[in-house]
Every structure is written in C-alpha cells, then in structure tokens.
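1. 3D model of this:
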Amino acid sequence: MNRKYWIVVASKDQVEQGVANGFVQAVHGHAEPLTRMKAGDKVLFYSSKLTQDGEEKYQYFTAVGEIADNRIVQVSAGNGFKPFRRRAFFKRCRNISILPLISELSFIKNKTKWGMPFRFGTLEIPERDFLLISKKMVSIPELEAA
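-> Below you'll find the model as predicted:
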C-alpha cells in the first residue's frame, strides 16, 4: 500500500464538527484537495484559529484520522454552501501545540516562518513527521494508566 500522510488546516470548531460526524472537509469545501487522498491515508488536522470567523489564535494539532474510502461526496450544509467531503475514522486524542515541535518537523523548512507550509490548507508530509505528531496526540496518560 502506498499510504500518504496529510495535514488539513481548519479552525478548531470546524475540526470538531468533522470528527463528530466522521468526515474530512478541506479548503472551504473544495473537492480538489480531497482527490489527492485515498482510502487508508492518514490525516492530521492543524487549527490556527479557534473559530472559522474568529481571530483568536489557537496553533494546535486537533485531530488524527484515516480516510475511510475512495468516495468524495458533495453535501448541502445550508445557506447554499455545498462542500465536498470524505468519510474518515478518527482516533481519540488530545490537542497539542505546534510550537514545541517546530524545530523537529522536517516539512517546516524555514523555522522562523513556520506557518508558511499551512497557507494552502492541505499539505502532504513525511511519515516521520506524522508519527512524531500523532504519537504525542494519541498518547494520553490517563488512558494508559487504566
């Protein structure tokens, strides 16, 4: 299997909606970014803001998932908005700040302008970076103690 690893950029409130309903939506509902993803691909979500319309910075990784199948569907989300989505499975995880990880992430070439890779809304990243981030997110001490 030729699995790929992705980051989707979305506000925390949008990510929470996707996790709760089992879908990935990217770049304001455009289909093109989703066409590059395949069943079995792994996805991280990065939220630079708390809410889509707000200005409050967040700068956390907020979800870890896997693309469920190869179907892209268009849905009616109200007010004439018809985004494209893909089904996904999500792991239980915690949000983690990107700030302490910047120096370790190979996809961030310029550490002083670390936000640049996120500007297009989706990006493919190396497996190593995905594992570095996702292991910190799904390693939840209170679950490990149980």
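
2. which residues are contacting the lengthiest helix in the chain?
-> In the chain, taking DSSP state H as the definition, the longest helix is helix 127-138. Contacts made with helix 127-138 from outside it, assessed by Cβ atoms under 8 Å, 6 or more residues apart in numbering, are listed as 3, 5, 42, 44, 61, 64, 91-96, 101, 104-107. From N, CA and C alone the C-beta is placed, and that goes for glycine too.

3. helices or strands up against the helix or strand harbouring residue 124?
-> Assigned by DSSP states H and E, residue 124 belongs to strand 122-125. Applying 3 or more Cβ pairs under 8 Å, 6 or more residues apart in numbering; DSSP states H and E, one finds that strand 122-125 contacts strand 5-9.

4. tell me the strands beside the strand it packs on, with direction?
-> strand 42-49 (parallel), strand 122-125 (antiparallel) (DSSP bridges).

5. beyond that strand, next helix or strand please.
-> Strand 5-9 is succeeded, C-terminally, by helix 12-21 (DSSP H and E).

6. buried stuff in that following helix?
-> Going by neighbour count (16 or more other Cβ atoms under 10 Å), the buried part of helix 12-21 is 12-15, 18-19.

7. and if you look at stretch 55-75?
-> Residues of stretch 55-75 classed as buried by neighbour count (16+ other Cβ under 10 Å): 58, 60-67.

8. filter the residues you listed down to just the ones in strands.
-> Within those, residues falling in strands by DSSP state E are 58, 60-67.

9. distance to residue 139 added to those, as CSV?
-> What follows is those, written out as CSV (distance: Cβ to Cβ, whole Å):
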residue, distance to residue 139
58, 21
60, 16
61, 13
62, 16
63, 15
64, 11
65, 16
66, 17
67, 22
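
10. between the residues you listed, which is nearest residue 111?
-> Taking Cβ to Cβ as the measure, residue 111 lies nearest residue 61 of those, at 17.3 Å.
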